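1. Quick one, structure for this:
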Amino acid sequence: MSNFPLIPSLYRLKNKTIKELLDIERKTIDHFKQRSGSYITKPFQNDADWEWLFFMQHYRMPTRLLDWTENPFVALYFSLFSEHHCGHLVEREKEDAAVWVLNPGDWNKSFIADRGYKSDVLSIDDPVVDGYKPKKDILANFPLAINGISNNHRIISQRGVFTVFGRGNKSFEEFADSGQKRKLLKKIILPGKWKKELAHALISIGYTDGVIFPDIEGLVIELKRKYGFLED
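-> Prediction:
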């Protein structure tokens, strides 16, 4: 929906302090590791805690990560369809939808004081990102744009990139609502009356559920749509 704020899922838990929320993240990572081992077909090779965080995010576990994509058609898919309602149009035509556009490199530069920094999306190996590392003391307040680790097919197919939040639990829009940062984040409104037509056009050019979710779940949603089980 167009009025849905850009807040990571972990920070949507109400009546909790930042300290409590970060403690919940640490515990969920540990419990997820303990219970999900039989589903991991290949051991993680890179920084394990970051890998677990990205992996959990793509299976809808609440984290400090906010999903973005480098592909505008993927962004359009997620603005029109609801993951949580198995491929149905988001709220049908009752509500407008929105696509958010971010200049990630300049966004990072606006928060990083190092004059030698060339505006870019950061990797998890960058020292600046150490202050956001899961299961460590989170020191920074502002969100940064980072590249994820491609440890599952969904991240690869969706051209997934991320913003990671620090201790600040304001919405992304609130962080942007100051000075030059307003120019780095744009909101494109999609009127509700256009959603059905846009959705059909998107599918017709090949951005089907099975392409967005390259697994059994995506295949099932795509076949349900094809044979009329999903009413758009």
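
2. only C-alpha atoms for contact and neighbour calcs from this point on.
-> Will do.

3. which ones are touching the residue nearest to residue 100 when sequence neighbours are not counted?
-> With C-alpha to C-alpha, 6 or more residues apart in numbering as the criterion, residue 100 has its nearest non-adjacent residue at 4.6 Å, and that residue is residue 187. Contacts here follow C-alpha atoms under 8 Å, 6 or more residues apart in numbering; on that basis residue 187 touches 98-101.

4. What are the buried residues along the longest helix along the chain?
-> With secondary structure taken from DSSP state H, the chain has its longest helix at helix 18-36. For helix 18-36, burial by neighbour count (16 or more other C-alpha atoms under 10 Å) applies to 18, 21-22, 24-26, 28-29.

5. For the chain, name the helix or strand with the lowest mean pLDDT.
-> Across the helices and strands of the chain, mean pLDDT, DSSP states H and E gives its lowest value to helix 153-157, namely a mean of 78.

6. sorry, back to before: avg pLDDT for whichever helix or strand comes after the longest helix of the chain?
-> Next helix or strand after helix 18-36 toward the C-terminus (DSSP states H and E): helix 48-57. Helix 48-57 shows a mean pLDDT of 87.

7. next structured bit after helix 48-57?
-> Along the chain past helix 48-57, the next helix or strand (assigned with DSSP H and E) turns out to be strand 65-69.

8. Given that next one, what are its sheet partners and their directions?
-> Each strand that pairs with strand 65-69, with its direction, by DSSP bridges: strand 160-164 (antiparallel).

9. Show me the shaky parts of this structure.
-> In the predicted model of the chain, residues 1-2, 42-47, 82-93, 115, 151, 179, 231-232 satisfy pLDDT under 70.

10. Run through the bridge partners of the most centrally placed residue in it.
-> Central residue of the chain (C-alpha atoms, centre = their mean): residue 67, 1.1 Å from the mean position. Legend: beta-bridge partners of residue 67 under DSSP bridges are residue 162.

11. for this structure, what spans make up the strands?
-> If DSSP state E is used as the criterion, the strands of the chain fall at 65-69, 97-102, 144-147, 160-164, 185-190.

12. just so I know, which of the ones you listed lies nearest residue 122?
-> Shortest separation from residue 122 across those is recorded for strand 144-147, at 4.6 Å, computed as C-alpha to C-alpha.

13. Can you name every helix or strand that that closest one contacts?
-> With contacts defined as 3 or more C-alpha pairs under 8 Å, 6 or more residues apart in numbering; DSSP states H and E, strand 144-147 has these neighbours: helix 104-111, strand 160-164.

14. JSON lines for the contacts of residue 187, including distance to residue 51 and neighbour count?
-> Written out in JSON lines, the entries for the contacts of residue 187 read as follows (distance: C-alpha to C-alpha, whole Å; neighbours: other C-alpha atoms under 10 Å):
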{"residue": "98", "distance to residue 51": "29", "neighbour count": "21"}
{"residue": "99", "distance to residue 51": "27", "neighbour count": "18"}
{"residue": "100", "distance to residue 51": "25", "neighbour count": "16"}
{"residue": "101", "distance to residue 51": "25", "neighbour count": "16"}
